[in-house]
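K.L.:
could you work out the structure for the sequence below:
(4 chains)
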Protein chains: 2
Amino acid sequence: MKERLEALCEFVQNAEDVGDLQSATEQLRDYYEIAHIVYHWVNSKGERFGAGTYSQDWVDRYVEKDYLRMDPVILGCLQRFNPVDWKDLDWSSRAARAFFKEAVEYGVGNQGFSIPIRGPAGQFALFTASDNKDDFGWASFIDENMRDLMIIAHEFNKKALEFEQGGDSAPAPALSPRELAAMTYLAKGMSRAQAAQEMDISEHTLRVYIEAARHKLGAINTTHAVARALSRGLIVV
Amino acid sequence: MKERLEALCEFVQNAEDVGDLQSATEQLRDYYEIAHIVYHWVNSKGERFGAGTYSQDWVDRYVEKDYLRMDPVILGCLQRFNPVDWKDLDWSSRAARAFFKEAVEYGVGNQGFSIPIRGPAGQFALFTASDNKDDFGWASFIDENMRDLMIIAHEFNKKALEFEQGGDSAPAPALSPRELAAMTYLAKGMSRAQAAQEMDISEHTLRVYIEAARHKLGAINTTHAVARALSRGLIVV
DNA sequence: TTTATCCTCCCCCAAAATGGTGAGGCAAAT
DNA sequence: ATTTGCCTCACCATTTTGGGGGAGGATAAA
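P.N.:
Now for the predicted structure:
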């Protein structure tokens, strides 16, 4: 059985387009003998992609109702690091319970397990397995397969990132040390005067760095430059 | 052997303080028979913690020289999603090569493998294994153990997050939709006037959002607020 | 139902940031 | 050896932000 999983991992690794990922989710679902496997991600431009085995009806419904903005699975995972069982999410609001009821009606399954994955520049993805099982059966399934699922989720995400970067590769301009320092201090909320004092240079000089960084980053003002430097992982606050 | 690994995973899971994580890195190093295992992380407040087997001399040297700001491993992983072999990083600059040379002299090892891990609220961590090996030996070590290392890294991070949240829970200030929109437009480089136009509200109203966001985020100016919103993953540009 | 949060609008004025232009010394890379 | 990039300093007028105040209506949770 493990060999089959290896093969599936390789299948994901060799995927050449989103269709292959779609196919991979179907194979995984069959392999695990559960209701659904879904992977979807949001790239740094806020565009969404998905591959999974949910029925088209449910996907349409989901998009139509803009459930993404209230789905407790999404909201919960956005604030979490570790994989989460759907049972542990916040279903307290009326809207959330109605949503869950509807999801079950559409065949999503009454049990679910979602793995959040984050990349640089705000990339966020979710890998989900769901099924109809009782609590005990689901718990033992998760216990047994969680780690494999995490590895597979990782493979999916690697691919998703490849596809994204294939689209347009931002060469990530390098900033000089002083420029980085300037950006860092500004990101910490210092004024130019304060940052200049911290760096022990004149405010005029500091401005030169800021402007240089702005140009390199293609930013139109300081806030924009700091945002880009952060997004691209050039500085850490 | 696998059982031993399981035991180590459990050891990490049962860690009660940073000292236990430290001890875990030592056991992992011995288990894998390599030079070093290091885990270090930056929490949402920008504080750094670490647990690992590097010599105190090297750690002191690293802090003293503020190598964090130029270490190609850190810089590279901040821009990456997937685990990376040190060989694949950017060592082109003179400073980077000098740094590497020095690191080797301090016994860090000439080969390394680092796994970047991201959590919500801008949490960022790095799990690193390093050793002295030739390219082939290292490659086969990585090939064989990468997945286990990823799982272990995940366990470390789970613990680190627990400790952080245990210390003092930063309640993760939630911004309202309009506040988020305002932050997003500002992060894109728009002026208040432009953002207001984009949101189809008066500039005065926009200012209310910006100030509300500033206060919620504990930021002292707009740039700071945008930086925090980005760091904490509240907005994506 | 009450309470809380959000959304929207308005005033004034001081302080800070921006944009454009210019210039010299120094180190590294080609 | 020449070019390129980095670090440092300066002035001007204009635009943008920041800080303080106050107020009404809608919506949603408790």
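K.L.:
for chain A, what are the low-confidence residue spans?
P.N.:
Along chain A, segments meeting pLDDT under 70 span A:1-2, A:43-47, A:69, A:121-122, A:165-173.
K.L.:
show me what contacts the residue lying farthest from the centre of it?
P.N.:
Taking CA atoms, centre = their mean as the measure, the residue most remote from the mean C-alpha position of chain A is A:Ser202, 41.3 Å away. Going by CB atoms under 8 Å, 6 or more residues apart in numbering or on different chains, A:Ser202 touches A:Ala196. Quick note: C-beta positions are derived from backbone N, CA and C, even for glycine.
K.L.:
from A:Pro177, how far off is it?
P.N.:
According to CB to CB, to the nearest Å, A:Ser202 and A:Pro177 sit 18 Å apart.
K.L.:
and what of A:Arg29?
P.N.:
Distance, A:Arg29 to A:Pro177, by CB to CB: 50 Å.
K.L.:
what about these two, which has more around it?
P.N.:
Taking neighbours as other CB atoms under 10 Å in any protein chain shown, A:Arg29 and A:Pro177 compare with A:Arg29 leading, 19 against 11.
K.L.:
element containing the more buried one?
P.N.:
In this structure, A:Arg29 sits in helix A:18-32 according to DSSP states H and E.
K.L.:
which residues does the helix or strand just after that helix contact?
P.N.:
Using DSSP H and E, the next helix or strand after helix A:18-32 towards the C-terminus is strand A:36-42. For strand A:36-42, contacts defined as CB under 8 Å, 6+ apart pick out A:21, A:25-26, A:28-29, A:48-54, A:108-109, A:117, A:122-131, A:153, A:156-157, A:160, B:236.
K.L.:
all helices of chain A, in order?
P.N.:
A:2-13, A:18-32, A:56-64, A:72-78, A:94-105, A:135-167, A:177-187, A:192-199, A:203-217, A:222-231 (DSSP state H).
K.L.:
dump these into JSON lines; add distance to B:Val104 as well.
P.N.:
JSON lines is the format used below for these (distance: least, CB to CB, whole Å):
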{"stretch": "helix A:2-13", "distance to B:Val104": "32"}
{"stretch": "helix A:18-32", "distance to B:Val104": "40"}
{"stretch": "helix A:56-64", "distance to B:Val104": "53"}
{"stretch": "helix A:72-78", "distance to B:Val104": "40"}
{"stretch": "helix A:94-105", "distance to B:Val104": "54"}
{"stretch": "helix A:135-167", "distance to B:Val104": "30"}
{"stretch": "helix A:177-187", "distance to B:Val104": "23"}
{"stretch": "helix A:192-199", "distance to B:Val104": "31"}
{"stretch": "helix A:203-217", "distance to B:Val104": "32"}
{"stretch": "helix A:222-231", "distance to B:Val104": "30"}
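K.L.:
next, format those as CSV and append distance to DNA strand D.
P.N.:
Compiled in CSV, those are given as follows (distance: least, CB to the nearest atom of the strand, whole Å):
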stretch, distance to DNA strand D
helix A:2-13, 37
helix A:18-32, 32
helix A:56-64, 18
helix A:72-78, 12
helix A:94-105, 6
helix A:135-167, 24
helix A:177-187, 4
helix A:192-199, 7
helix A:203-217, 3
helix A:222-231, 7
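K.L.:
that older thread, can you tell me which of the contacts of strand A:36-42 end up in strands?
P.N.:
Counting by DSSP state E, the contacts of strand A:36-42 place A:48-52, A:117, A:124-131 in strands.
K.L.:
which one of those sits closest to A:Ala181?
P.N.:
A:Phe124 (29.4 Å; CB to CB).
K.L.:
ok, for the closest one, nearest residue in space, not its chain neighbours?
P.N.:
In this structure, A:Phe124 finds its nearest non-sequential neighbour in A:Val42, 5.1 Å apart by CB to CB, 6 or more residues apart in numbering or on different chains.
K.L.:
and for the one you found, the neighbour number?
P.N.:
Number of residues near A:Val42 (other CB under 10 Å) recorded here: 20.
K.L.:
could you do A:Gln27 as well?
P.N.:
Neighbour count of A:Gln27, defined by other CB under 10 Å: 16.
K.L.:
so it makes contact with A:Leu8?
P.N.:
Yes - using CB atoms under 8 Å, A:Gln27 is in contact with A:Leu8, at 5.8 Å.
K.L.:
any idea how far the spatially most central residue of chain A is from A:Asp148?
P.N.:
In chain A, the C-alpha nearest the mean C-alpha coordinate belongs to A:Phe124, at 1.1 Å (CA atoms, centre = their mean). Remark: distance between A:Phe124 and A:Asp148 (CB to CB) = 22 Å.
K.L.:
same check, this time on A:Leu89
P.N.:
On the measure of CB to CB, A:Leu89 and A:Asp148 end up 22 Å apart.
K.L.:
list the contacts for A:Lys70?
P.N.:
Lys isn't right for residue A:70; it's Met. A:Met70 is in contact with A:95-96, A:99, counting by CB under 8 Å, 6+ apart.
K.L.:
wait, A:Ser23
P.N.:
A:Ser23 neighbours (CB under 8 Å, 6+ apart): A:Phe11.
K.L.:
chain B versus that one, what's the distance?
P.N.:
According to CB to the nearest CB, to the nearest Å, A:Ser23 and chain B sit 22 Å apart.
K.L.:
with A:Ala35 instead?
P.N.:
As for A:Ala35, its distance to chain B is 26 Å (criterion: CB to the nearest CB).
K.L.:
may I ask you to confirm that that residue is in contact with A:Val108?
P.N.:
Yes - under the criterion of CB under 8 Å, A:Ala35 makes contact with A:Val108 at 7.3 Å.
K.L.:
what sits in contact with each of the two?
P.N.:
With CB under 8 Å, 6+ apart, A:Ala35 and A:Val108 have common neighbours A:Ser130.
K.L.:
interface residues of chain A facing DNA strand C?
P.N.:
Residues of chain A lying near DNA strand C by CB under 7 Å from any atom of the strand: A:191-193, A:207-208, A:210-211, A:214, A:220-223.
K.L.:
and those, which are buried?
P.N.:
Buried residues within these, defined by neighbour count using 16 or more other CB atoms under 10 Å in any protein chain shown: A:192, A:210, A:214, A:222-223.
K.L.:
check these against chain B, which are close?
P.N.:
Among those, the ones lying near chain B by CB under 8 Å from any CB of the partner chain are A:222-223.
K.L.:
closest one to A:Asp66 out of the buried ones among the residues of chain A next to DNA strand C, please.
P.N.:
Nearest to A:Asp66 out of those is A:Thr223 (CB to CB; 28.9 Å).
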